[in-house]
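# task: produce atomic coordinates for the following.
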Amino acid sequence: MPATILISGESGTGKTVFARVIHSWSSRASKPFCVVSCPSLSPELLESELFGHAKGAFTGALRDYPGRIAACQGGTLLLDEIGDLPLSIQPKLLRVLQEKVYERVGEIETRKADIRIIAATNANIEAAVKAKTFREDLFYRLNVVDIVVPPLRERREDILPLAERILAFFSRQNHRRVLGLTDGARAVLQTYDWPGNVRELHNAIERAVLLCNEERIGVEHLPVKLAPANEPIVKIGDPVSLEKLEEMHIRRVLAGARSLEEAAEVLGMDSVTLWRRRKKYGI
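Residues are numbered from 1 along each chain as shown. Prediction:
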């Protein structure tokens, strides 16, 4: 039985994409991949959605419903935002993980659960365990393999390759002849902090493709917040401190470099020194 995986990271970092890739690489790839968002339903509806229900189990249950566990037998079930799973359902999920069995709501028949569970969260589950809002035994069952997806601002070398793939997708989808990014747009994309992570990058590129009537997306096609018009341009000889010059130089080198290693080499720094400078300047 493949190990259960807990994927953590900020909202918008692509945890669902990671889960799909894990499924596609597994021996279960030919079987279904299902996603259940834990915060999207009330506890009663979420229990029914996961485990299914029998006809007449509750008001409105007009027919049998197999549930997502049954729907992805042999495959993978992603429980998105597992930190919001109600306490009332947690023991039942624990039983699925430990014993591979469950019952539908309103039934006494025990059914087999041949699924792999991947859980995703942007919450601190260990803090939830201490707060008694998440079962400790369930946390350890889920956390067999822990994958942390870093925010986009901590993996800037991924920004431009992601942007180019997203651009190509939306260019095809919208029948636009947008072939790439100008140097200015590339610099802006790579220096912005992306608080919304990949989701925000996705939206910014989609918007730019729709607005662009040229072959390349420029700064003018990107959201204003990515490159404020009133941002000062600092040059050597301007009445500013050496510290400010250093910050601007590091930002511009990072924007043009293909990786942090390349930027460190250009700047004549080792990777640890560059990391300290980025932390100091909030880059």
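# domain ranges for this protein?
5-149, 153-281 (automatic domain parsing).
# of these, which stretch is the most buried?
Most buried of the domains of the chain, by mean neighbour count (mean count of other CB atoms under 10 Å): domain 5-149, with a mean of 17. Backbone N, C-alpha and C define where each C-beta goes, glycine included.
# from the contact counts, what lies against the helix or strand containing Arg278?
Following DSSP states H and E, one finds Arg278 within helix 271-281. Judged by 3 or more CB pairs under 8 Å, 6 or more residues apart in numbering; DSSP states H and E, helix 271-281 is in contact with helix 242-256, helix 260-267.
# closest to Gly9 out of the ones you listed?
Nearest of the helices and strands packed on helix 271-281 to Gly9, taken as CB to CB: helix 260-267 at 19.3 Å.
# mind listing the strands for this structure?
5-8, 33-37, 76-80, 101-103, 110-112, 116-121, 145-148, 180-181, 216-217 (DSSP state E).
# with mean pLDDT added, can I get the ones you listed in a markdown table?
Listed next are these as a markdown table, based on pLDDT from 0 to 100:
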| stretch | mean pLDDT |
| --- | --- |
| strand 5-8 | 96 |
| strand 33-37 | 96 |
| strand 76-80 | 97 |
| strand 101-103 | 96 |
| strand 110-112 | 96 |
| strand 116-121 | 97 |
| strand 145-148 | 94 |
| strand 180-181 | 92 |
| strand 216-217 | 91 |
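# just put those in a markdown table and tack on distance to Ala264.
Listed next are these as a markdown table, based on distance: least, CB to CB, whole Å:
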| stretch | distance to Ala264 |
| --- | --- |
| strand 5-8 | 28 |
| strand 33-37 | 39 |
| strand 76-80 | 37 |
| strand 101-103 | 52 |
| strand 110-112 | 53 |
| strand 116-121 | 33 |
| strand 145-148 | 23 |
| strand 180-181 | 24 |
| strand 216-217 | 28 |
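# lowest-confidence stretch among the domains of the chain?
If you rank those by mean pLDDT, domain 153-281 sits at the bottom with a mean of 84.
# could I get the full set of helices for the protein?
15-25, 43-51, 67-71, 90-99, 125-130, 136-142, 159-173, 183-191, 197-211, 242-256, 260-267, 271-281 (DSSP state H).
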